[in-house]
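Undergrad: next come a sequence and a model predicted from it.
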Amino acid sequence: MFVEDVLTATIRSGTPVLYAAQGEVIAERSGVINLGTEGCMLIGALAGFAATANTQSPIIGVVAAAGAGAALALVHAFVVITRRANQLASGLAVTFLGLGVAAILGRHYVDQSVHPLNQVRIPLLSDIPFLGNVLFHHDVLTYAGMALGPLLWLFLYRTRWGLILRATGEQASVAFAYGHSPARVRYLAVMAGGALAGIGGAQLVLAYTLSWVENVTVGRGFVAVALVIFAGWDPLKATLGAWVFGGALAVQLQLQARGVSISPFLLQMTPYVLTLAILAVASRGRAQRAPGEIRAVFGKAAA
């Protein structure tokens, strides 16, 4: 059934972007924008695939992906927090660094196969007609991704640590006045964001593509950064935005599988064009509601 296949693929294909977008929400809530999310996703995908290929344990692969994503994000954090470099320039440099490292180290894994993250059926719920396949027949990272948005929302708006994170992103001097180090908060936030982006990369290669190719993320990290604006820095809306992208990608793949006579190049660009169109409509005025420290970053860039 076309609709059921599209909705099922929407959840699965939107999950890598979902992890990266939630990670970027955390980073930007602390006052740091990380355009290196694409690089963190890519290096996480390579680390996850390589670790799984060598150990035959996808769990080890996911842990390795999180560590690799956090390590690359740490480079960005050091450059922009400690050395006070331009955040936008540093993020782009980190992305190119990730692209280069992944291209060099990933050559040995192009033709290899891995033990994937198996799909798990939820007892009873997976037997529900239509909804069973759409929502309750996925890998564990996809299930965790469904819960990530609500959990992050609770963290941001219902916990003391979430309040500290938001205060740091709004005005660092306020957090400092209450005895918290803005630098420490930002380091942790950026590294957490990189770790989540790395996990998103791991889910992409271990549960979706099941293979490694150069530049396997094809811009998903940049889409994730853009979706944070669409979401108004809200993790629940970021989840919705990731699934919008996943839905566009799913429709494209289903049309190709059914032999629809449309240029494959046009179909491949559809998810990105659709996402950009939605962003253009839905994100009007959201820049004014960005965390104060993020507005300052764009203000400096414009100057």
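TA: Here it is on my side, so go on.

Undergrad: tell me which residues touch Val244, please.
TA: Neighbouring residues of Val244 by Cβ atoms under 8 Å, 6 or more residues apart in numbering: 14, 274-275, 278. (C-beta placed from N, C-alpha, C; glycine too.)

Undergrad: could I get those residues as CSV with distance to Tyr143 and neighbour count?
TA: Output for the contacts of Val244, formatted as CSV (distance: Cβ to Cβ, whole Å; neighbours: other Cβ atoms under 10 Å):
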residue, distance to Tyr143, neighbour count
Gly14, 13, 27
Leu274, 26, 17
Thr275, 24, 22
Ile278, 26, 17
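
Undergrad: ok, so of those residues, who is nearest Ala89?
TA: The shortest gap between Ala89 and any of the contacts of Val244 belongs to Thr275, at 24.5 Å (Cβ to Cβ).

Undergrad: for the stretch 1-150 of the chain, which segments count as strands?
TA: 120-121, 137-138 (DSSP state E, counting those that start in this stretch).

Undergrad: in a markdown table: these, plus distance to Trp233 and mean neighbour count.
TA: Compiled in a markdown table, the strands of the stretch 1-150 of the chain are given as follows (distance: least, Cβ to Cβ, whole Å; neighbours: other Cβ atoms under 10 Å):
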| stretch | distance to Trp233 | mean neighbour count |
| --- | --- | --- |
| strand 120-121 | 32 | 14 |
| strand 137-138 | 27 | 20 |
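
Undergrad: pull stretch 72-91 out as PDB, backbone CA atoms only.
TA: What follows is stretch 72-91, C-alpha atoms only, in PDB (Å, rounded to 0.1, in the frame of the first residue of the first chain):
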ATOM      1  CA  LEU A  72      34.700  16.600  16.100                       C
ATOM      2  CA  ALA A  73      32.200  18.900  17.800                       C
ATOM      3  CA  LEU A  74      34.900  19.500  20.500                       C
ATOM      4  CA  VAL A  75      37.200  20.900  17.800                       C
ATOM      5  CA  HIS A  76      34.500  23.400  16.900                       C
ATOM      6  CA  ALA A  77      33.800  24.200  20.600                       C
ATOM      7  CA  PHE A  78      37.500  24.900  21.300                       C
ATOM      8  CA  VAL A  79      37.800  27.200  18.300                       C
ATOM      9  CA  VAL A  80      34.700  29.300  19.000                       C
ATOM     10  CA  ILE A  81      34.500  29.200  22.800                       C
ATOM     11  CA  THR A  82      38.200  29.300  23.900                       C
ATOM     12  CA  ARG A  83      39.700  31.000  20.800                       C
ATOM     13  CA  ARG A  84      36.600  33.100  20.100                       C
ATOM     14  CA  ALA A  85      36.700  32.500  16.300                       C
ATOM     15  CA  ASN A  86      33.800  33.200  14.000                       C
ATOM     16  CA  GLN A  87      31.200  30.400  14.600                       C
ATOM     17  CA  LEU A  88      29.900  30.200  11.000                       C
ATOM     18  CA  ALA A  89      33.400  30.000   9.500                       C
ATOM     19  CA  SER A  90      34.500  27.400  12.100                       C
ATOM     20  CA  GLY A  91      31.400  25.300  11.500                       C
END
